[in-house]
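> Take a look and give me a structure for this.
(4 chains)
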There are 2 protein chains.
Amino acid sequence: MARIKLPTLHSDFSVDCVIFGFDAGELKILLIDRNEPPYKKWKALPGNLAYDTEDIDEAAKRVLYELTGLKNVYLEQLYSFGKIDRHPQGRVITIAYYAIIKRSDNGLHPVTTFAKKAFWWPANSLPKLAFDHIEIAKKGIERIRNKIRYEPIGFELLPEQFTLTQLQHLYEAILETEIDKRNFRKKILSSELLIESKNKQKDVSHRAARLYKFNKIRYRELKKGGFVFKL
Amino acid sequence: MARIKLPTLHSDFSVDCVIFGFDAGELKILLIDRNEPPYKKWKALPGNLAYDTEDIDEAAKRVLYELTGLKNVYLEQLYSFGKIDRHPQGRVITIAYYAIIKRSDNGLHPVTTFAKKAFWWPANSLPKLAFDHIEIAKKGIERIRNKIRYEPIGFELLPEQFTLTQLQHLYEAILETEIDKRNFRKKILSSELLIESKNKQKDVSHRAARLYKFNKIRYRELKKGGFVFKL
DNA sequence: GCAAAAGTGTTAACTTTACACCCATGT
DNA sequence: ACATGGGTGTAAAGTTAACACTTTTGC
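Residues are numbered from 1 along each chain as shown, chains lettered A, B, ... in the order given. Below is the predicted model:
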C-alpha cells in the first residue's frame, strides 16, 4: 500500500465530523460536496487531515469551526476507523467526532461561514457518501440514539427556549417511537431539569404553548449526586 | 515536534489494550514491564505500533495474541488518544482497545506465551504507568462498568461454568455495590440467559453450588427481538 | 364557531426493594 | 455439632403505561 505524503499537513490521520441538527421534525446531518479528488463531486462528511501540532480534539474543533463558524458546541469523539483500504491513496486512519448544534427555532437558514458548500440531510435517508463515511454516519446515529436515553443532550438540538411538544417531537424523531404526551410531560417536568419561562410561543395559529429552558446548572448539581437522567 | 520514523513498522499510530480479567473477587488489568525506551522499566498497558498492512482491529487482535496466545476474545475499540505530547518521541496517536478474557476457575496461573513479562494488577489500585496509559486504563474501567449494566459481558470474565454467587461477586466487584442475593438470583434467572448445568461445584468445604452456563444463542435471539439485558 | 394544538389526573400493571431463615456438605 | 455458603418467597414502595376530555387562541 503506497503511502502518500502531503506537503503541508504531513499526517496520516484525519478527523471527520458527524454534525447533527434538528429541523422540520427531523434529525439532520451536515454534509459537504467534495471538490477535489479522491471522491471529487461526492457528498461526504466534513473532515480534514489533522496537523501534527494539534491534539486530535483540537483538530475536530477546528474542522467544525471552519465549516460552521461555531465554537463551544457539544462535541465528542465517536470512533476511529482504520481499515487499510478505506482511503484510495493509502493508509489514512480517521478519528470520527460527533457534534450537536442548535439551529434557530424558526430558521431553516443553514450556518453561514462555510469553507465548502454544506447542506443538511435527513439522517435516516442518507445518500451515497465518499470513503467509509456512511459507516461513520451510522455509528453517529447509533450513538446519539443511545446517548439521548440517559443524557439530556436533546436540549443541544433545540433553541434556548422551546415548548414541551417540540422536545417531545425531538425525542420521537430520534428514537423513532411515539411517546404519550401526558406521561412525557409528567416525567420531564418531575426531573426538575426545566425552567419555566414567562414567555409563550408567538405567531402560531393556535393556543400558544409555554416556553421552557434547560437548567444546566441544576443538571450538573444533580449529576454530581449520582442522578442519571433517563427518558 | 520531531517525528521519528521506525524502520520496520513505519507508522505513526499504535494500538494499546486494556485487558480485563477477574480473579480473587477482583477486576484485574494485564500490565507489562517495558524493557526499552521510552519509559524503560515502567509498567504499561500492552501495545504496539501498528503495521501499515493491517486494519486497526487486526492490530489490536495481534497485540492481544502476541501477549496472551488467545484468539476469539471479547475485544472492542475503546477510544483514541491524540494529545500531541503524549509520546516523548513525537506525534503518536494511539487507538485503545479493551478485551475481556476468561481465566480458569481455580487458576491464578497467568497466560502462557508471553512476548514480554505480563502480570495482573487490581483495576482499582493501578500503579504509575508509562505515557498516558493511566488515562486509557481509567477510560477502560469506566467503559466496562457502564457496559456491564446493559450487556451480559460479565460472563466473558468467568469460566464456562460458574455459580450464581460467583456471578454476583463479579457484578459487585465491578459496580462496587452490594447486591441482594435473592433479588439478584430472581432477576438473573428470570432473564432466561442461563442454562442450569447438571454439575455442581467440586472440592468446596460447604454445600456445593449448582453450576450455570451463559446461553449465548438465547441471548442473540432475545437481542434480535429488541431485548436489552439490564441488571 | 371551528380548527389546532395546549394542557391536565387517575388507575392498573409491572418492577424494584427490603428483608430472614432453613438446607446441604465438609471438617 | 458446627462452620460455611447455598438456596428460597412475600409484601410494600415505586415506576411505568394506558387512556380522553377541556382550554386557549387565531382565523
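> which element follows the top strand by length along chain A toward the C-terminus?
Secondary structure of chain A per DSSP state E: the longest strand is strand A:13-23. For strand A:13-23, the succeeding helix or strand toward the C-terminus, using DSSP states H and E, is strand A:26-33.
> And for that following strand, what's in contact with it?
A:17-22, A:41-46, A:67-68, A:110-111, A:116-124, A:126-127, A:129, A:137, A:140-141, A:144, A:157, A:173-174 (C-beta atoms under 8 Å, 6 or more residues apart in numbering or on different chains). C-beta here means a position set from N, CA and C on the backbone, and glycine is covered the same way.
> May I see the ChimeraX selection of the buried members of those?
Of the contacts of strand A:26-33, the buried ones go into a single ChimeraX selection, burial set by 16 or more other C-beta atoms under 10 Å in any protein chain shown:
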select /A:17,18,19,20,21,22,42,43,44,45,46,67,68,110,111,118,120,121,123,126,129,137,140,141,144,157,173,174
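> In helices only, show me the contacts of strand A:26-33.
A:67-68, A:137, A:140-141, A:144, A:173-174 (DSSP state H).
> Could you identify the most distant pair in the residues you listed?
A:L67 and A:A173 (23.4 Å; C-beta to C-beta).
> Could you chop chain A up by domain?
A:13-150, A:160-224 (automatic domain parsing).
> is the last one anywhere near chain B?
No: judged by C-beta under 8 Å from any C-beta of the partner chain, domain A:160-224 makes no contact with chain B; its nearest approach is 11.4 Å.
> Return the residues of chain A in contact with DNA strand D.
Residues of chain A found near DNA strand D (C-beta under 7 Å from any atom of the strand) are A:180-183, A:186-187, A:204-208, A:230.
> Now with 6 Å, please.
A:180-183, A:205-208 (C-beta under 6 Å from any atom of the strand).
> Of the residues you listed, just say which sits nearest to chain B.
Nearest to chain B among these is A:D180, at 18.9 Å by C-beta to the nearest C-beta.
> what about the closest one, neighbour count?
10 (other C-beta atoms under 10 Å in any protein chain shown).
> where's it relative to A:R207, distance?
20 Å (C-beta to C-beta, to the nearest Å).
> for A:K128, what are its contacts?
If you count contacts by C-beta under 8 Å, 6+ apart, then A:K128 has A:42-43, A:134 around it.
> what does A:E54 give?
A:E54 touches A:62, B:84, counting by C-beta under 8 Å, 6+ apart.
> Which stretches in chain A count as strands?
A:13-23, A:26-33, A:43-44, A:47-49, A:74-81, A:93-100, A:118-122, A:194-200, A:210-214.
> Single out the most deeply packed of the ones you listed.
Among the strands of chain A, judged by mean count of other C-beta atoms under 10 Å in any protein chain shown, the one packed with the most neighbours on average is strand A:93-100 (a mean of 25).
> In its sheet, which strands sit next to that strand, and in what direction?
strand A:13-23 (parallel), strand A:74-81 (antiparallel) (DSSP bridges).
> In CSV, could you pull the C-alpha coordinates for the longest one?
The C-alpha coordinates for strand A:13-23 follow below in CSV (Å, rounded to 0.1, in the frame of the first residue of the first chain):
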residue,chain,number,x,y,z
PHE,A,13,-4.8,10.6,10.0
SER,A,14,-7.8,12.7,9.6
VAL,A,15,-10.7,13.9,11.6
ASP,A,16,-14.3,13.6,10.4
CYS,A,17,-17.4,15.1,12.0
VAL,A,18,-20.9,13.9,12.1
ILE,A,19,-22.7,17.1,12.8
PHE,A,20,-26.3,16.8,14.0
GLY,A,21,-29.1,19.4,13.7
PHE,A,22,-32.8,19.1,14.2
ASP,A,23,-35.2,20.8,11.9
